[in-house]
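Asker: okay, predicted coordinates and the sequence, questions at the end:
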Amino acid sequence: MKVTVVGAGAVGASCAEYIAMKDFCSEVVLVDIKEGFAEGKAMDLMQTASLNGFDTKITGTTGDYSKTAGSHVAVITSGIPRKPGMTREELIGINAGIVKEVTENLVKNSPEVIIIVVSNPMDTMAYLVHKTSGLPKHKIIGMGGALDSARFKYRLAEALEAPISDVDGMVIAAHSDTGMLPLLSKATRNGVPVTEFLDDAKQKYVIEETKVGGATLTKLLGTSAWYAPGAAVSVMVQAIACDQKKMIPCSLMLDGEYGESDICLGVPAIIGKNGVESIVKISLTEEEKAKFAEAAQAVREVNGDLKF
Ligand SMILES: NC(=O)c1ccc[n+]([C@@H]2O[C@H](COP(=O)([O-])OP(=O)(O)OC[C@H]3O[C@@H](n4cnc5c(N)ncnc54)[C@H](O)[C@@H]3O)[C@@H](O)[C@H]2O)c1
Ligand SMILES: O=C(O)C[C@H](O)C(=O)O
């Protein structure tokens, strides 16, 4: 299995590192536009191989997409991250052009590729890849829900004063500060609804902190996060590489599911060797349905700024 990661910055390098550490791929190719940067990151990561015990071969290239030919999966992390005080949506002006160009180069060299979109604003960038790549819709997957769900579990464990391994939960809808929908109604501690343990104030705290998880880290770090994003991508790549058929919330092109069409939004899906094996339909409360529709409306407005 050959995986390409475009953008050898914070998220791209973290993603390559986690993929290599799990040792399920034969080859990871890092691509960046900055001269020598991807080559340097690849060499540094390869020098951890004997220390960390993996055999995955990591190489880097400055923009030579012929080196990515025959990739099964490609991850797009190229583009600018936000700074404290910004929204992800403000990145569209620069990132849309980068994502479109990168997608064209990837598909030209790997016509069968499955693309995982990470660059922000992610739901809109995933939509752009659908509109410009010519790939079938099961081969384009936006990464947001896997990360947001991990942050939800972190906040749930904190509020419950429980180990994270006791906790389960999922975030759907938009990957934005306002449009995330942490499904508290379905979150559990060892199968018991968390609503049995958390009072209203704690429930509200968990939801609000989850939604601004990315902004909180951006404020602390001065740029956006990379460890958990990289780990989330590696889980998705592994689900494809090992045909795990894992249920992961991902930003997918909807065609009537959850009452929406012609939009990419976070919904639970089965991820396996074909990319998206199916979209999972779960029941939502009336309040959750309304929030999902509200998030869709906001993403639709951002999509309106795209020029194909
Ligand atoms: N979807 C998510 O959950 C999620 C999580 C974290 C970050 N992000 C997004 O991922 C993106 C990358 O974040 P980062 O922290 O790694 O940023 P970064 O600045 O560390 O890395 C981005 C890299 O992209 C490269 N790049 C720019 N244009 C390119 C091009 N045309 N071709 C190849 N490479 C190019 C840059 O040289 C840089 O090395 C941002 O848009 C950020 O908002 C999304
Ligand atoms: O918050 C950001 O801008 C980056 C990313 O989308 C995240 O959630 O960490």
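Answerer: Good, I have the coordinates. Residues are numbered from 1 along each chain as shown. Ligands and ions are numbered 1, 2, ... in the order given.
Asker: could you pull out the strands in the stretch 51-200 of the chain for me?
Answerer: 57-62, 73-76, 114-117, 140-142, 167-168, 171-173, 180-182, 188-189, 192-193 (DSSP state E, counting those that start in this stretch).
Asker: let's have those strands in a markdown table, adding mean pLDDT, distance to residue 89 and mean neighbour count.
Answerer: Placement of C-beta: from N, CA and C, glycine included. As requested, the strands of the stretch 51-200 of the chain are exported to a markdown table (pLDDT from 0 to 100; distance: least, Cβ to Cβ, whole Å; neighbours: other Cβ atoms under 10 Å):
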| stretch | mean pLDDT | distance to residue 89 | mean neighbour count |
| --- | --- | --- | --- |
| strand 57-62 | 98 | 30 | 20 |
| strand 73-76 | 99 | 18 | 28 |
| strand 114-117 | 99 | 15 | 28 |
| strand 140-142 | 99 | 15 | 27 |
| strand 167-168 | 98 | 30 | 19 |
| strand 171-173 | 98 | 15 | 29 |
| strand 180-182 | 98 | 13 | 27 |
| strand 188-189 | 98 | 32 | 17 |
| strand 192-193 | 98 | 33 | 12 |
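Asker: so for residue 32, which of the ones you listed sits nearest?
Answerer: strand 57-62 (6.5 Å; Cβ to Cβ).
Asker: packing partners of the closest one?
Answerer: Contacting strand 57-62 under the criterion 3 or more Cβ pairs under 8 Å, 6 or more residues apart in numbering; DSSP states H and E are the following elements: strand 27-32, helix 37-46.
Asker: quick one: name the residues of this protein near ligand 2.
Answerer: 81, 82, 88, 120, 147, 175, 214, 217, 218, 224, 225, 229 (Cβ under 6 Å from any ligand atom).
Asker: and of those residues, the nearest to ligand 2?
Answerer: Closest approach between the residues of the chain next to ligand 2 and ligand 2, by Cβ to the nearest ligand atom: residue 214, at 2.3 Å.
Asker: what sits against the closest one?
Answerer: 88, 177, 224, 225 (Cβ atoms under 8 Å, 6 or more residues apart in numbering).
Asker: and the helix or strand containing it, what's buried?
Answerer: Following DSSP states H and E, one finds residue 214 within helix 213-221. By 16 or more other Cβ atoms under 10 Å, the buried positions in helix 213-221 come out as 213, 214, 215, 217, 218.
Asker: ok, stretch 69-89 next?
Answerer: In stretch 69-89, counting by 16+ other Cβ under 10 Å, buried: 71-82, 87-89.
Asker: gap between the two ends of it?
Answerer: One end of stretch 69-89 sits 32 Å from the other (Cα to Cα, to the nearest Å).
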